[in-house]
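1. Would you be able to build a 3D model of this:
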Amino acid sequence: MKPESDSVVIIPTYNEAENAAAIIDAVLSLPHRMDVLIVDDGSPDGTAAIVKGKMDEHPGRVHIIERKGKLGLGTAYIAGFKWAIANKYDYIFEMDADFSHNPQDLLRLYAACHDEGADVSIGSRYITGVNVVNWPMSRVLMSYFASKYVQIITRLPIHDTTAGFVCYRRKVLETIELDKIRFKGYAFQIEMKFTASMLGFKVTEVPIIFTNRVLGVSKMNSGIFSEAVFGVIKLKLSSLFKKNTRTA
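-> Below is the predicted model:
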């Protein structure tokens, strides 16, 4: 049975008790109905309990996958993608829990796919310059030049290759072999965009303003960044030796 909504927003969480209720409410209040799937990695701060309270308030609109321990951002999204496919949502979103992505911009990502024909729409920090608020300059530079580096190595025509604010049509995620996605951090985002592009899907960018989190603690670390630096070389090399095709 298809859900009442054509859209679901997947939000991975780890220790997001300060943000969980507010981000769920913000998504549910949008004029276009979007359901929410939280993928929680065993948060010790009670995030899952807060989400379950919202499930009781909004039956059928809020869902949760509970995992034991921190298993990585990429595997959280893969679990969410498989759930969304099984539940027949047509538009499947990635979004952070900390309001660094404005929930109102979900409508613009949706329009890019639903109305304008994109298969993947990316909330882009860098397509119209550098639209980042309250990040330290060191992190702005790291993120910006990481995306430029990926562009150079992969030749992807995407300005914000590490973006984590994305809408996928279901057919994209059904076509990508999700179990073969290798990376877990920043490189996961790159690999998904690279694979979708290699498969011939239409990828577009929608300009957004990214705002650094106010509550909670950032999960970014140097290991995640290093994975992206070296992972993108592996991605490009492997693409030279295999042919990516899809059926219409």
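2. What segments of the chain are strands?
-> For the chain, the strands defined by DSSP state E occupy 7-13, 35-40, 62-66, 91-94, 120-124, 132-133, 166-169, 203-207, 210-211.
3. Is it possible to get CSV of those strands that adds distance to V232, mean pLDDT and mean neighbour count?
-> All C-beta atoms are positioned from the backbone trio N, CA, C, and that covers glycine. Below are the strands of the chain laid out as CSV (distance: least, C-beta to C-beta, whole Å; pLDDT from 0 to 100; neighbours: other C-beta atoms under 10 Å):
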stretch, distance to V232, mean pLDDT, mean neighbour count
strand 7-13, 22, 98, 26
strand 35-40, 25, 98, 25
strand 62-66, 28, 98, 18
strand 91-94, 19, 98, 25
strand 120-124, 16, 97, 25
strand 132-133, 21, 80, 14
strand 166-169, 17, 98, 26
strand 203-207, 16, 97, 20
strand 210-211, 21, 90, 20
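4. for these, which one sits closest to D105?
-> Minimum separation from D105 across these (C-beta to C-beta) falls at strand 120-124, 5.7 Å.
5. and the angle from that closest one to strand 203-207?
-> Angle of strand 120-124 versus strand 203-207, following axes from the mean of the first three to the mean of the last three C-alpha atoms, to 10 degrees, is 30 degrees.
6. How much space separates the nearest residue to I23 once chain neighbours are set aside from V39?
-> Nearest residue to I23, sequence neighbours excluded (C-beta to C-beta, 6 or more residues apart in numbering): A97, at 5.2 Å. Look at A97 and V39: by C-beta to C-beta, to the nearest Å, they are 10 Å apart.
7. Mutual contacts of those two, please.
-> I11, P12, T13 (C-beta atoms under 8 Å, 6 or more residues apart in numbering).
8. Enumerate every residue touching the nearest residue in space to the first one that is not next to it in sequence.
-> The one in question is I11. Excluding the flanking residues, the one nearest I11 by C-beta to C-beta, 6+ apart is A97, at 5.0 Å. Contacts for A97 (C-beta under 8 Å, 6+ apart) come out as I11, P12, T13, E16, N19, A20, I23, G216.
9. go again using 6 Å as the cut-off
-> I11, T13, E16, N19, I23 (C-beta atoms under 6 Å, 6 or more residues apart in numbering).
10. Go through the strands of the chain and name the closest to G185.
-> Between G185 and the strands of the chain, the tightest spacing by C-beta to C-beta is seen for strand 7-13, at 11.8 Å.
11. For the residue nearest to I11, give me the pLDDT.
-> With respect to pLDDT, A97 scores 95.
12. Next, it: phi, psi?
-> Per-residue torsions, A97: phi -90, psi -10 (degrees, to the nearest 10).
13. shaky segments in this structure?
-> Applying pLDDT under 70 to the chain flags residues 213-230, 240-248.
14. Centre-most residue in it?
-> In the chain, the centroid-proximal residue (C-alpha atoms, centre = their mean) is E94; its distance is 3.0 Å.
15. measure that one to M137 for me?
-> Relative to M137, and taking C-beta to C-beta, E94 is found at 26 Å.
16. again, but for Y149
-> 18 Å.
17. for S197, same thing?
-> 30 Å.
18. again, but for A21
-> Per C-beta to C-beta, A21 is found 32 Å from M137.
19. dump the residue contacts of L235.
-> Contact partners of L235, counting by C-beta under 6 Å, 6+ apart, are E191, F194.
20. if we go to 10 Å?
-> If a contact means C-beta atoms under 10 Å, 6 or more residues apart in numbering, then L235 has 150, 153-154, 156, 182-183, 187, 190-191, 194-195, 198, 228 as its contacts.
21. rewinding a little: wait, which of the shared contacts of A97 and V39 is closest to H63?
-> I11 (10.6 Å).
22. I figured the closest one hits E94, correct?
-> Yes - look at I11 against E94 with C-beta atoms under 10 Å: they come within range, at 8.3 Å.
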